[in-house]
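Asks: Sequence first, then the predicted structure, then my questions.
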Amino acid sequence: GPKVLQIPSHQIIDMGQMVTLNCDPVSNHLYFYWYKQILGQQMEFLVNFYNGKVMEKSKLFKDQFSVERPDGSYFTLKIQPTALEDSAVYFCASSFDRNAEQFFGPGTRLTVL
Amino acid sequence: QQQVRQSPQSLTVWEGETAILNCSYEDSTFDYFPWYHQFPGESPALLIAIRPVSNKKEDGRFTIFFNKREKKFSLHIADSQPGDSATYFCAASALNAGGSNAKLTFGKGTKLSVKS
């Protein structure tokens, strides 16, 4: 089936540094999402993105977070600067339209030291 | 506030038994209820989903039972197989409540082990 790829699978950085998480969504999908999962907790919605714009974001999407998809390339989540509480697995998802199935990537495990 | 509650946290059944995973929700605007499963090291993948126009949805060995009045829905896995061992997440979304994109609200997951 359609696959969403995420790069890297694991990232370890020092607190205060910048990190960019990359997502390669399904090729004809138009809607993109980021979810955050802290160990032992549920996946929580961060943000969704359509037509070059953030459509909705949760309270977890702090000012230090930003998303973009320049020129149809990777859909990225940037955190600058990072904090200890940003340590989590970040899942990217994409869908063809807002009512369609969301396809998830395998996640990027971010460890902030 | 946890909007989607899932139980049990873990479940062990014998091969051939029916596994029952439960979820409840609070938000009355939710109108789409998918179940995802995730094998270790892999992406969460959609297993089956229901909309509240019906109270039951079947797909092979997998059945969702939906109770709108009690705001509960469950996943029944009949004739469980060792290959069904995975973590199962229920979720909910408000597709018709407006907004441009339908965010999913997830439960915490149930780790299912099927023993042979």
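Replies: Done, it's in.

Asks: Get me the contact residues on chain B for chain A.
Replies: Where proximity means C-beta under 8 Å from any C-beta of the partner chain, the interface of chain B facing chain A comprises B:2, B:4, B:6, B:32, B:34, B:36, B:41-46, B:49, B:89, B:95, B:99-109. Every C-beta, even on glycine, is put in place using the N, C-alpha and C of the backbone.

Asks: Emit the PyMOL select command for whichever of those are buried.
Replies: Entered in PyMOL, the line below selects the buried ones among the residues of chain B next to chain A, by 16 or more other C-beta atoms under 10 Å in any protein chain shown:
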select buried, chain B and resi 4+6+32+34+36+43+44+49+89+101+102+103+104+105+106+107+108+109
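
Asks: Please narrow the residues of chain B next to chain A to those residing in strands.
Replies: When DSSP state E defines the strands, the subset of the residues of chain B next to chain A inside them is B:4, B:6, B:34, B:36, B:45-46, B:49, B:89, B:105-106.

Asks: Please tabulate the residues you listed in CSV and include pLDDT and distance to A:I38 as additional columns.
Replies: CSV is the format used below for these (pLDDT from 0 to 100; distance: C-beta to C-beta, whole Å):
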residue, pLDDT, distance to A:I38
B:V4, 95, 16
B:Q6, 97, 16
B:P34, 95, 21
B:Y36, 95, 18
B:A45, 92, 21
B:L46, 93, 23
B:A49, 94, 25
B:F89, 96, 14
B:T105, 93, 15
B:F106, 95, 12
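
Asks: Pull out the buried residues from stretch B:54-66.
Replies: Of the residues in stretch B:54-66, those with enough neighbours to count as buried (16+ other C-beta under 10 Å) are B:57, B:62-66.

Asks: ok, back up a step: of the ones in strands among the residues of chain B next to chain A, closest to A:S58?
Replies: Taking C-beta to C-beta as the measure, A:S58 sits nearest to B:T105 out of those, at 10.0 Å.

Asks: Show me which of the ones in strands among the residues of chain B next to chain A is closest to A:K3.
Replies: The closest of those, once distances to A:K3 are taken by C-beta to C-beta, is B:A45, at 10.2 Å.

Asks: check contacts around the closest one.
Replies: With contact taken as C-beta atoms under 8 Å, 6 or more residues apart in numbering or on different chains, B:A45 is in contact with A:1, A:104, B:36-38.

Asks: Now do it against A:Y90, distance only.
Replies: From B:A45 across to A:Y90, the span is 18 Å (C-beta to C-beta, to the nearest Å).

Asks: likewise B:P34?
Replies: With the distance defined as C-beta to C-beta, B:P34 ends up 20 Å from A:Y90.

Asks: Between the two ends of stretch A:35-54, what distance do you get?
Replies: Using C-alpha to C-alpha, to the nearest Å, the span of stretch A:35-54 from its first residue to its last is 14 Å.

Asks: Where does the prediction get shaky in chain B?
Replies: In the prediction, chain B carries residues with pLDDT under 70 at positions B:1-2, B:96-101.
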